[in-house]
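[1] please find the sequence and the predicted model below.
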Amino acid sequence: MTTRKIGHDYEIIEISANIYVQFYFHQVSGTSNFVLIGWNNRLYGRDCVGGKWHRHPFENPEAHDMAGDGADDTMPEEFLDEVFEILLREKLI
């Protein structure tokens, strides 16, 4: 795994040649985006916009899950735990 910081707002953790995790933080707007990307597509994600969290589920990454655990505040470490559970379950690593 390789970690790269891109500017002040982005950090990328490379999982494999085709899979990486991107963290984005915008201090002024308070927006956070945590995204699992594979083959240049979002596979899973969690976003915080206007102080409200939502999840983009692995089964349908274009959807916005704003209920239950989808609305839970998420720290980067928790997101990485979720990502590795998904990657192992789906046999992507």
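    Now that the structure is in, tell me what you want to look at.

[2] the residue sitting furthest away from the middle of the chain is in what secondary structure piece?
    For the chain, the largest distance from the centre (Cα atoms, centre = their mean) belongs to Val28, which lies 20.0 Å off. Using DSSP states H and E, Val28 is not contained in any helix or strand.

[3] kindly report the same for Ala63.
    Counting by DSSP H and E, no helix or strand carries Ala63.

[4] residue ranges with poor pLDDT in this protein?
    Segments of the chain classed as low confidence (criterion: pLDDT under 70) are 1-8.

[5] in it, which spans are helices?
    Per DSSP state H, the chain carries helices over the ranges 76-89.

[6] the strands in it, which residues?
    Counting by DSSP state E, residue ranges of the strands within the chain are 2-6, 10-14, 19-26, 31-38, 41-49, 52-56.

[7] got a list of what Asn41 touches?
    Pro61 (Cβ atoms under 8 Å, 6 or more residues apart in numbering). Glycine gets a C-beta too; all of them are placed from N, C-alpha and C.

[8] distance of it from Gln22?
    12 Å (Cβ to Cβ, to the nearest Å).

[9] spit out the residues that contact the two alike.
    Shared contacts of Asn41 and Gln22, defined by Cβ under 8 Å, 6+ apart, are absent.

[10] ok so, going back, tell me which of the strands of the chain sits nearest to Glu82.
    strand 41-49 (7.3 Å; Cβ to Cβ).

[11] note down every partner strand of that closest one and its orientation.
    strand 31-38 (antiparallel), strand 52-56 (antiparallel) (DSSP bridges).

[12] roughly how far apart are the residue nearest to Pro57 when sequence neighbours are not counted and Arg46?
    Residue nearest to Pro57 in three dimensions, not counting chain neighbours: Asp65, with 5.5 Å by Cβ to Cβ, 6 or more residues apart in numbering. Distance from Asp65 to Arg46, counting by Cβ to Cβ: 9 Å.
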